[in-house]
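S.K.: For reference, the sequence and a predicted model appear below.
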Amino acid sequence: MNTTIAFTIKDLIIIMACLAGIALLVYLILLLAEVRKTLKTVRTLVEERRVEIDDLLLRAPNIVANVDKVTDVVAKGVDGAYQGAIGIVNKFKGD
């Protein structure tokens with residue numbers, strides 16, 4: 001007795017889509033497991049360094065204010081140097 005199994009193109013496409021879906025599902029499960037491990041590690045690190053993190057958060061506004069002051073001083077210095085250079089160039093152009 002001969003048994004014949006026939007697949008249509010539609011059947012093959014459905015089978016391949018199901019296999020791709022299963023592969024995607026496995027990938028997502030592995031990805032979520034990795035994310036879970038990473039979050040656990042981050043949570044542990046934050047708990048271990050809680051004091052340092054809190055201290056940094058308290059000092060951050062002062063650090064930012066100091067950076068703003070330095071930036072203003074540097075900007076004024078650069079502007080002064082630029083104006084001086086333009087003045088020299090203009091003197092040479094005038095001759």
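M.R.: The structure has been received and is ready for your questions.

S.K.: Averaged pLDDT, the helix of greatest length in the chain. What do you get?
M.R.: Identified as the longest helix of the chain according to DSSP state H is helix 50-94. When pLDDT is averaged along helix 50-94, the result is 86.

S.K.: and that helix, what does it pack onto?
M.R.: Contacting helix 50-94 under the criterion 3 or more C-beta pairs under 8 Å, 6 or more residues apart in numbering; DSSP states H and E is no other helix or strand. For every residue, glycine as well, the C-beta is placed using N, CA and C.

S.K.: So which bits of the one helix or strand Leu30 maps to are buried?
M.R.: Following DSSP states H and E, one finds Leu30 within helix 9-48. Buried residues in helix 9-48, defined by neighbour count with 16 or more other C-beta atoms under 10 Å: none.

S.K.: tilt between it and helix 50-94?
M.R.: 100 degrees (axes from the mean of the first three to the mean of the last three C-alpha atoms, to 10 degrees).
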